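Trainee: got a predicted model here, sequence first, then my questions.
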Amino acid sequence: MRRGFQPPMLVRQVERQVLRLTPPQALILSFIGLSLVGALLLKLPIASNEPTSWMQALFTAVSASTITGLSVVDVGTHYTLFGQWVLLGLIQLGGIGLLTFGVLIIHLASGRLTLRNRAAMQDSFNQSGRLDMQRLLRVLFLFIVCIELLGTALLALQWVPQMGWSRGLFHSFFHAVSAFNNAGFGLESHSLAAYVGNPLVNLVISGLFISGGLGFAVIADLRARKRFHEMTLQTKLMLVGTLAINLIAMLVLFALEYGNPDTLGALHGIGAKLWASWFQAVAPRSAGFTTMDAAQLMPATAFFIMILMFIGAGSGSTGGGIKLTTFIVLLVSTRAFLLQQHRPVLFGRSIDASMTLRALAVTMIAVLCVIAGTFLLMLTENVGFLDVAFEVVSAASTTGLSRGLTPTLSTAGQCIVMVLMLIGRVGPLTLAFTLANPRGADIEYPAGRVNIG
C-alpha cells in the first residue's frame, strides 16, 4: 500500500513546491526551462545542416526564447527547416510570455484563475484593480494570430513571387512572427539590407514590431475605447511617446548618417535614404532587424542607437529595455522637481510617488547591469569599447543589434551575454524582487536628511 502511494505523494510534493514559487521566480524558471528544451532540440542532427556545438545551441535558444535576436551562427544557412521551426516556437512562446501562456492553460483546464495567477497576470499586463482576465486573454491571442497572419500575407506579396510559394510563404511567416515578437531573427545573412528601399518590407516589418512593442494592455484598451480622451494614461503615453520618439530618432539618424558613404551616403535617391532612416530609427527599440550595417555607423550614431535600445518598447509588450513609459515618467518627474511642483502631471493625471520610485529602481538596476556586463566583456573580449558597450546594451534590452561582435564571442563572453538576455527579458525589477525577496517592515524610522547634488 505504501509503495503504491509514493508516486502520488511525490507528485503532490512537487506541486506544492511549484505553487510556492512567486510569479517572478516562476517567470525566470520558465524562461530557463524553455531555453534548455530549445537547446536540446537545436542540438539534434536534423536541426542543422552542419554540426552544432552545445554552446551554439544554448546561445541560440536563449536568444530566441528571450526574443533578442543575437546569434553566433547564420540562422538562414546553419539550421534546417526543422531547426527554423524550433526557433519560431521559442520566439512565439518567449514573446507572449511563458507565464501568460501557463495561466491560459490553467484557465482552459479549470475554468477559473487563482488569486496568485490573477495577480501575476495583472502585473504582467501592468494592470491594477479588477480585471477580466478571460476577456483580456481572448483579445490578446486573437490579436496575435490576426496580426501575424496579416503580416505573413502582406510579406508574401514580396517574397512569394521572388522565392516561390513554399519557400516564400515560410519566409514571410518566419519574419512576421519574428518581427511582431520583436525577436530580430531573420533568414537573410545581412538581415533586411537587401530591402533597404523597399516600401512594402519596410512598412510591414516596422508595423509588426511597433504593434508588438506597444504592449498588450494598450492593444486591449484601444479595442475597448475609440476616443483618445477616454483611453488610459498608459495608452496615451505609449501612443504619443512612440510617435514622438520614432520621428525624432528618424530625423536625428538622417542628419547623422546622411554623409556617411558606408550607410545612407551609399544609397541613391532621397526616398531610399528616408526609408533607411525610418527603419533604423524604430528598429533599435527592441526589434533587432536592420537595413544598414551597424558596424559601419558613425560612433555618434551608434551611441544614439544605444540610447534608443536602452529605452526600449512598452510595458507588457514583446519588447525590452527599461520601457518607454519608464523613461517618460523619469522625464516628467525631473521636470516637476525643477519647477518645484508637488507631483508630476501628464494628460490631467498626477504620477504617484511610488511610480517614480519604481521607474528609478528599474533604470538604476538596468544601468548597473549594463555597467557590469560591459566591464566583464572588456575582460573577456579583445575589442573596442564601443563594440562591447553596444553588444551589452543590445543584449540587456533584448534588441538583437550587433556591430559584428556576437559570432566572435568567447565562451565566457557568450555566457555573459546569455545572462544579460535573460535579465533583460524577465525585467530588472522582477530580478531584484526575486533575489531580494522583499518583506514589508513594521517599523517606521524617523526621516533623515541627505544632501543631493
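Mentor: Now that the structure is in, tell me what you want to look at. Numbering: from 1, shown residues only.

Trainee: going forward, measure contacts and count neighbours with C-alpha atoms only.
Mentor: Noted.

Trainee: distance of residue 426 from residue 316?
Mentor: 11 Å (CA to CA, to the nearest Å).

Trainee: now swap in residue 253 and tell me
Mentor: With the distance defined as CA to CA, residue 253 ends up 28 Å from residue 316.

Trainee: three-state assignment of the residue most central in space within the chain?
Mentor: When the chain is reduced to its mean C-alpha position, the closest residue under CA atoms, centre = their mean turns out to be residue 319, at 2.7 Å. Going by DSSP: H, G, I helix; E, B strand; the rest coil, the secondary structure assigned to residue 319 is coil.

Trainee: which strand or helix spans residue 72?
Mentor: Using DSSP states H and E, residue 72 falls within no helix or strand.

Trainee: now the end-to-end length of stretch 218-234.
Mentor: End-to-end distance of stretch 218-234: 7 Å, with CA to CA as the criterion.

Trainee: I meant stretch 70-83, not that one.
Mentor: Across stretch 70-83, the straight-line distance between its terminal residues is 16 Å, by CA to CA.

Trainee: tell me the buried residues in it?
Mentor: Neighbour-count burial for stretch 70-83 flags 70, 71, 72, 73, 75, 76, 78, 79, 80, 81, 83 (criterion: 16 or more other CA atoms under 10 Å).

Trainee: ditto for stretch 345-364
Mentor: Applying a neighbour-count criterion of 16+ other CA under 10 Å, the buried positions in stretch 345-364 are 345, 351, 356, 359, 360, 362, 363.

Trainee: ok, now stretch 303-319?
Mentor: So stretch 303-319, judged by 16+ other CA under 10 Å, has buried residues 304-319.

Trainee: contacts for that stretch next, please.
Mentor: The contact list for stretch 303-319 (CA atoms under 8 Å, 6 or more residues apart in numbering) reads 67, 95-96, 124-126, 180-182, 212-217, 238, 281, 284-287, 320-325, 327, 390, 393-394, 397-399.

Trainee: apply 7 Å and report the result again.
Mentor: Where contact means CA atoms under 7 Å, 6 or more residues apart in numbering, the residues beyond stretch 303-319 that reach it are 95-96, 124-126, 181-182, 212-217, 238, 284-286, 320-325, 327, 390, 393-394, 397, 399.

Trainee: and for stretch 354-361?
Mentor: Here stretch 354-361 makes contact (CA under 7 Å, 6+ apart) with 326, 329, 330, 333.

Trainee: widest-spaced pair of those?
Mentor: Comparing every pair within the contacts of stretch 354-361 by CA to CA identifies 326 and 333 as the most remote, at 10.5 Å.

Trainee: verify the stated contact: residue 321 with residue 400.
Mentor: No: at 11.6 Å, residue 321 and residue 400 do not qualify as touching, with contact defined as CA atoms under 7 Å.
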